[in-house]
Structure formats: C-alpha cells, structure tokens
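Enquirer: quick one: sequence plus predicted model below, questions after.
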Amino acid sequence: MTLGSRLLIDKYGDLTISYAPFEHIQYGAKVVIVGITPGAQQARNALLEARRQLIAGASDAVALMKGKVFASFSGAMRANLVAMLDHIGLHHWVGLNSMAELWTTRTDLVHFTSALRYPVFVNGTNYSGQPSMTATPVLRNLLDTCLKEEAVALSKAIWVPLGPKAAQGIEWIIQQGALDRNNVLVGLPHPSGASGERIKYFLGQKRRSDLSVKTEPTRIDAARERLSAQVLALRAGAAQ
C-alpha cells in the first residue's frame, strides 16, 4: 500500500517515507488540525486533485493548496471532529456558526497538517505510531523540519492534535520552544469510526452506564472539562 518508488523520499529499515503534495501552509489560519501522517488513500486523493488543478491551468501554489484541502479529514472523521470542536465551543472563538465552515466557506481559517507531513509506511502499511516518531531519527527529522516550520509560521493559532500519537509530535515541538502549550487542545477522542463510543460519550450522546469497559469515561470526562475550560479562557482573552 505504498505510493511507488518514484515518490520515495527516504527509507529506514522497515519504514518508507513517500512524497505527496502536503507542503501548503495556510498563513493566517486560526486553527491547525493535526493528524499523525497522511495515509495512502489521503495521499492519492491529494496527488489526483493537485494533478487535476495543474491540468486545468492552476499555479503550483494553488494546486498544492487545493490538493491538501480536498484530501484532509474527509467523510465520517470530519463530521465527528466538527461535532466535538463545536461541543467545546471552539467555533465561538473562531467566529463561526460551526467548525464545519472550515471545509466550505472559511478554508482561510484552517491549516490541515500531520505531525509527519509526508506519508509514512511500515512494511507497506500506514504508519500508526510505532516506532516512536520522536525516538526514530528519520521521523524525528520530519518533526524538526516540516512540523517546526509550520509551528513557527502559525504560532498564534490553536492547534488540535487528533489522538495521542499526533499529540506526541506536538509535544516534541513544544519542548523545542516552537509552540506555546496554552495554544494546544489535547485530549479529544480520535475522530475515526473506531472511537465511536468514546465520541458519543464525549458529546453526551451515550450514558456512562451503557459504555464498554475499554471506553475510559473518567479520562474522557476530565478531557472534556479541561478542553471546555481552555476554550472559555481563549474566548475571555479575545474579548479583552
């Protein structure tokens, strides 16, 4: 499930890093949404859309931007993410009726990215967090170059890592002094379908008594309370 040898950027043991058009930085964005790394399907979607834009006469910069937005966090994952961000009130801080507008009329306010900018594969399958991105030199290099570049460019934005592995990459950048911890919202359940029960509980759509034992409701409660308070503080600061 790799992208072919012509797109190979680097190889390290069982790891391969391939090229896909994810360089675009949305300067002026107020929100940065961070995954782990683009998957194979996301990369193919970005490549196809960028190609379509170039054939239609778009500039390189426009093709990169369109390809990235088209491929970023689509389908059910997008709907879950919007619901959770609206639930903690971030849309009020951004000045929107719903965070769904970031994918439609207000794409200027969001920067989509990954802790590891380019698609990473382990033995041909999508990288999901192992080996550690901070302990593996070839992956840490992506953090120290690509992610750090984006953090410096968008240091005033609010960063939303999706899941603990993406948060690990953001934590590394915080430790390098490139990003303020107060500007990072950590703790949302991952918006993928695999986290459906956690998402429903986070949104108040499922009772604690109906949860399976693996859902960890106490942790979700604490995260929801912390994130809501953090967003309220942001809104209060903006109103001053």
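Expert: Structure received. Quick caveat, the model's predicted, so the values are computed rather than measured.
Enquirer: tell me the SS of Ile33?
Expert: Counting by DSSP: H, G, I helix; E, B strand; the rest coil, the backbone at Ile33 sits in strand.
Enquirer: low-confidence stretches in this structure?
Expert: The chain contains residues with pLDDT under 70 at 1-4, 74, 239-240.
Enquirer: so what's the residue minimising distance to the centre of the chain up against?
Expert: Of all residues in the chain, the one closest to the mean position by CA atoms, centre = their mean is Val34, 1.9 Å from it. If you count contacts by CB atoms under 8 Å, 6 or more residues apart in numbering, Val34 has them with 113-115, 159-162, 166, 169-170. The way it works is simple: take the backbone N, C-alpha and C, and place the C-beta from them, glycine included.
Enquirer: and the nearest residue to Gln176 once chain neighbours are set aside, what does it touch?
Expert: Closest residue to Gln176 apart from its sequence neighbours, by CB to CB, 6 or more residues apart in numbering: Lys148 at 6.5 Å. Counting by CB under 8 Å, 6+ apart, Lys148 makes contact with 173, 176, 178.
Enquirer: so which helix or strand takes in Lys148?
Expert: helix 148-153 (DSSP states H and E).
Enquirer: could I get the buried residue list for that helix?
Expert: For helix 148-153, the neighbour count (16 or more other CB atoms under 10 Å) marks 148, 150-151, 153 as buried.
Enquirer: CA atoms only: put that helix into CSV for me.
Expert: Extracted in CSV, the C-alpha atoms of helix 148-153 (Å, rounded to 0.1, in the frame of the first residue of the first chain):
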residue,chain,number,x,y,z
LYS,A,148,8.6,23.0,13.3
GLU,A,149,8.4,25.2,10.1
GLU,A,150,4.6,25.1,10.4
ALA,A,151,4.6,25.8,14.2
VAL,A,152,6.8,28.9,13.7
ALA,A,153,4.5,30.2,10.9
